[in-house]
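J.: sharing a model that was predicted from the sequence below.
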Amino acid sequence: MKLINFYRVANRLYASGIPIFPKIIYYIQFFLFNSSVPYKCKIGKKTVFGYGGIAVVVHERAVIGEGCVVSQNVTIGGKSKKFEVPVIGNHVYIGAGAKILGDVNIGDNVIIGANAVVVKDVPSNCIVLLGYQQR
């Protein structure tokens, strides 16, 4: 079973008002995948976690659009002492090890490269990469 399936079941139970089972499923997926994908966050249809979603951390108020790919070791979270968290558009690819932090809006059809750190808004149809400097 995949991480996204655990999330979907727990999210449906949470939406139905069942209090205990979503937490149990959350802890099972945490144990199996070493990931924190809360049942309270919103993840769109056809979104997948690459490599089983190993070490993925998603804030419970984060929103991930439809048709996204979230690779392993990705963090989608807030910043200290700030309420706002990332909102990710549709058809976004997030590479391995990327961090999306704070009050950030990611547009549709965006590619976020491996190990990139995103702390500012990204408009639709853009590519974000880790900086490269030639010496």
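T.: Okay, I see it.
J.: helices of the protein, residue ranges please.
T.: For the chain, applying DSSP state H gives helices covering 3-15, 20-33.
J.: strands of the chain, start to end?
T.: 42-43, 48-49, 57-58, 63-64, 69-70, 75-77, 87-88, 93-94, 99-101, 105-106, 111-112, 117-118, 127-128 (DSSP state E).
J.: which secondary structure elements does the last one sit against?
T.: The helices and strands touching strand 127-128, judged by 3 or more CB pairs under 8 Å, 6 or more residues apart in numbering; DSSP states H and E, are strand 111-112. Where C-beta positions appear, they are placed from N, C-alpha and C, glycine not excepted.
J.: ok so, going back, output the helices of the chain as TSV; include the columns mean pLDDT, mean neighbour count and distance to Val119.
T.: Shown next, in TSV, are these (pLDDT from 0 to 100; neighbours: other CB atoms under 10 Å; distance: least, CB to CB, whole Å):
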stretch	mean pLDDT	mean neighbour count	distance to Val119
helix 3-15	96	18	25
helix 20-33	95	15	26
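J.: out of the ones you listed, which comes closest to Val104?
T.: Among the helices of the chain, the nearest to Val104 by CB to CB is helix 3-15 (21.1 Å).
J.: hmm, who's touching the closest one?
T.: Outside helix 3-15, the residues within contact range by CB atoms under 8 Å, 6 or more residues apart in numbering are 21-22, 25-26, 28-29, 32-33, 35, 37, 39-40, 43, 47-49, 52-53, 56.
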